[in-house]
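K.L.:
pasting the structure only:
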Ligand SMILES: OC[C@H]1O[C@H](O[C@H]2O[C@H](CO)[C@@H](O)[C@H](O)[C@H]2O)[C@H](O)[C@@H](O)[C@@H]1O
């Protein structure tokens, strides 16, 4: 199945991907970054999945989310009639649950279900048994129960013709659903040494789940009407990527969905990047969500506590610093794209832009009315002190290139942002600090960037000092307030990005074939967030019509339930990269808000 054939359900601690064919092919329990118990997404059904669909192979499905919720509703037209399946994960009380309710709509439809639990990323077939009328499965630290309203044929699954079958630990059932029937299936997980958690009533859980999501969205202050639906779906998606117990945020709930089909640029995004989280929080703040911003700020204070020299660009959801990267060699990868990576070695990289991202986010939070205590300001000062001594260092840049460190122009621009936001905070009278020194630093960084990061002959800022390439991140220059949109260097850079990185109207983030940027082979799709940034830059430059056209084209790339991956392959016309990706969804919110307000404003003007 294509990446866009999946929909997301989640409980703000983990998430699952449900395929258009009724199969849940990805689920990590109990947390986003735990091992997957369904990993068919990255291999085939033998790596674990849960299918629930009409037995009729020619049945057709229509999907949507119920109102403003994460309850997925799939309506099947099949031989004999019509059925509806509701898939969701209720707000977590004791343990994670996946609930699937089958509702007969018309006539009588034959259904089938096949459950193949495969703990530890598809590698462990649990021991299963019938226990008090339900299926119980256990292996090592994991146990799970399937509470089903129909008799289950345990261990003798009929097989799907796709690799699962008798004797391979597939639990299956066939049953029929008549109009008016409502059949609830509940899968529950628990650590294997603990007793079975209390049973969840599926219908009560449905009400609770709907109430939770619609209640959350009721607090949204976003006013726009033209793009309101898209913005609400993106906000819900961003919220679904937050880890409620700590306030951390994952960049995406998946690992190793490839940036190029069949390629090797496959990464694990189930961690909290300071950059992605800062961007996300600015988008949520813009829509009035202060609680999330406050929770993340507290997460940040805990995660980065200590010496600012030890600041990492990413952490796990609980703030753990070490995220070793390894390969799940037994998984073939999405459509053969291997390796499948777990963990992310980028945690040890130096990416100096992160300081500017965090300081900008905290500055925006304060402007939005978020109360800041002295601990937050002390942290900001410590980060700024560190940056003052290190902004001249080479780094790996925001694209995390796995090659030598360089003087990335975007990283230096963000050093300017850091100094600028600190100066503005002092000027606003909120806090005290050496504003004069920071002002001088701001000047110095600006001068250096304009001297070394700009190629006058080509009239463009360059990816790094002396580089032949450009970088789509430079589209942010006017939005960040580094130069006004009317500056000819901004226009020149936007032109250069379109010329050198443009693909069918969208943009790559950079080119891999110039300057030996990294040691990896193969390419990647156009980067969706950067394509939104192009729309922002165009609007700022007074090209509102072009910006709107591009934005609406980007909205058209969302799947049938409004979701976007990280990238889009314009040649194959399909989404690529991890899915759904916070970067892409927060860009929907930011660009929509800016376009609906007339034209985007720089983050300093908001
Ligand atoms: O493709 C290169 C890099 O891709 C990942 O980084 C990207 O994802 C991060 C999370 O969304 C984002 O913060 C960063 O800007 C992106 O470039 C991956 O994590 C890296 O290891 C990889 O080198």
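P.N.:
Ah, there it is. Since we're looking at a predicted model, the values are computed, not measured.

K.L.:
domains in the protein, as residue ranges please.
P.N.:
3-214, 219-596 (automatic domain parsing).

K.L.:
Low-confidence stretches in the stretch 501-606 of the chain?
P.N.:
Applying pLDDT under 70 to the stretch 501-606 of the chain flags residues 599-606.

K.L.:
ok, 50 please
P.N.:
605-606 (pLDDT under 50).

K.L.:
Please list all residues in contact with residue 187.
P.N.:
Residues near residue 187 by Cβ atoms under 8 Å, 6 or more residues apart in numbering: 50, 97, 98, 99, 100, 115, 144, 145, 146, 147. Backbone N, C-alpha and C define where each C-beta goes, glycine included.

K.L.:
Next, count neighbours for residue 515.
P.N.:
18 (other Cβ atoms under 10 Å).

K.L.:
Helix, strand, or coil at it?
P.N.:
What DSSP: H, G, I helix; E, B strand; the rest coil gives for residue 515 is coil.

K.L.:
Does residue 134 touch residue 146 like I think?
P.N.:
Yes. Shown here, residue 134 and residue 146 form a contact pair, counting by Cβ atoms under 8 Å, at 6.1 Å.

K.L.:
Name the residues contacting each of these two.
P.N.:
Joint contacts of residue 134 and residue 146 (Cβ under 8 Å, 6+ apart) are residue 152.

K.L.:
Of all the domains of the chain, which one comes closest to the ligand?
P.N.:
Minimum separation from the ligand across the domains of the chain (Cβ to the nearest ligand atom) falls at domain 219-596, 3.5 Å.

K.L.:
now for the helix or strand harbouring residue 211, which elements pack on it?
P.N.:
Assigned by DSSP states H and E, residue 211 belongs to helix 202-218. For helix 202-218, the elements it packs on are strand 81-88, strand 97-116, strand 182-191, helix 228-240, judged by 3 or more Cβ pairs under 8 Å, 6 or more residues apart in numbering; DSSP states H and E.

K.L.:
rerun that using 6 Å as the cut-off
P.N.:
strand 97-116 (3 or more Cβ pairs under 6 Å, 6 or more residues apart in numbering; DSSP states H and E).

K.L.:
returning to that earlier point: buried ones from the contacts of residue 187, can you make that a ChimeraX selection?
P.N.:
Buried members of the contacts of residue 187, defined by 16 or more other Cβ atoms under 10 Å, are picked up in ChimeraX with:
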select :50,97,98,99,100,115,144,145,146,147
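
K.L.:
want to try a markdown table for the contacts of residue 187, with distance to residue 535 and pLDDT as columns?
P.N.:
Below are the contacts of residue 187 laid out as a markdown table (distance: Cβ to Cβ, whole Å; pLDDT from 0 to 100):
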| residue | distance to residue 535 | pLDDT |
| --- | --- | --- |
| 50 | 39 | 98 |
| 97 | 40 | 98 |
| 98 | 37 | 98 |
| 99 | 38 | 98 |
| 100 | 38 | 98 |
| 115 | 44 | 97 |
| 144 | 44 | 98 |
| 145 | 48 | 97 |
| 146 | 46 | 97 |
| 147 | 47 | 97 |
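
K.L.:
and the domains of the chain as JSON lines, adding distance to the ligand?
P.N.:
Formatted as JSON lines, the domains of the chain follow (distance: least, Cβ to the nearest ligand atom, whole Å):
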{"stretch": "domain 3-214", "distance to the ligand": "13"}
{"stretch": "domain 219-596", "distance to the ligand": "4"}
